[in-house]
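Participant: Show me the folded form of this:
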Amino acid sequence: MIDQLRGLEDLKCLAGARQAATAVAFDLQQRREQATAGVPADEQGAGVAAQIALARRESPAKGSRLLGLAKTLTGMPRTFGAFGPVC
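Facilitator: Below is the predicted model of the structure:
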């Protein structure tokens, strides 16, 4: 059972890392699409955090915090790498 618990913890860490990477990729994709559509630079990315929050069943405010954390973590390769199979 201890091995099962550890395996589930590893899975949880991996899922969190994938969520962070996907959130950052989604933000970049949306910003590119908005730029192509002519949205002013200071308005690009509007609504992205709310969409992430909706997908994760969280409040819009928490979605903003989650996206900010994802951007920070993915910008720190060694720290982000710790979220792999060994958390």
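Participant: Show the subsequent helix or strand relative to the helix or strand containing residue 14.
Facilitator: Secondary-structure element containing residue 14, defined by DSSP states H and E: helix 2-36. Scanning forward in sequence from helix 2-36, with DSSP H and E defining helices and strands, the next element found is helix 48-55.
Participant: Low-confidence bits of this protein, can you list those?
Facilitator: Per-residue confidence for the chain (pLDDT under 70) gives these ranges: 84-87.
Participant: between the helix holding residue 14 and helix 48-55, how big is the angle?
Facilitator: Orientation note: helix 2-36 sits at an angle of 140 degrees relative to helix 48-55 (axes from the mean of the first three to the mean of the last three Cα atoms, to 10 degrees).
Participant: So which other helices or strands are in contact with helix 2-36?
Facilitator: Using 3 or more Cβ pairs under 8 Å, 6 or more residues apart in numbering; DSSP states H and E as the contact test, the elements touching helix 2-36 are helix 48-55, helix 60-74. For the C-beta atoms, the positions are set from N, CA and C on the backbone; glycine is no exception.
Participant: Work out which residue lies at the spatial centre of this protein.
Facilitator: Nearest to the centroid of the C-alpha atoms of the chain, with distances taken as Cα atoms, centre = their mean, sits residue 20, at 2.6 Å.
Participant: That residue: what's its closest spatial neighbour, skipping adjacent residues?
Facilitator: By the measure of Cβ to Cβ, 6 or more residues apart in numbering, the closest residue to residue 20 outside its immediate chain neighbours is residue 70, 3.8 Å from it.
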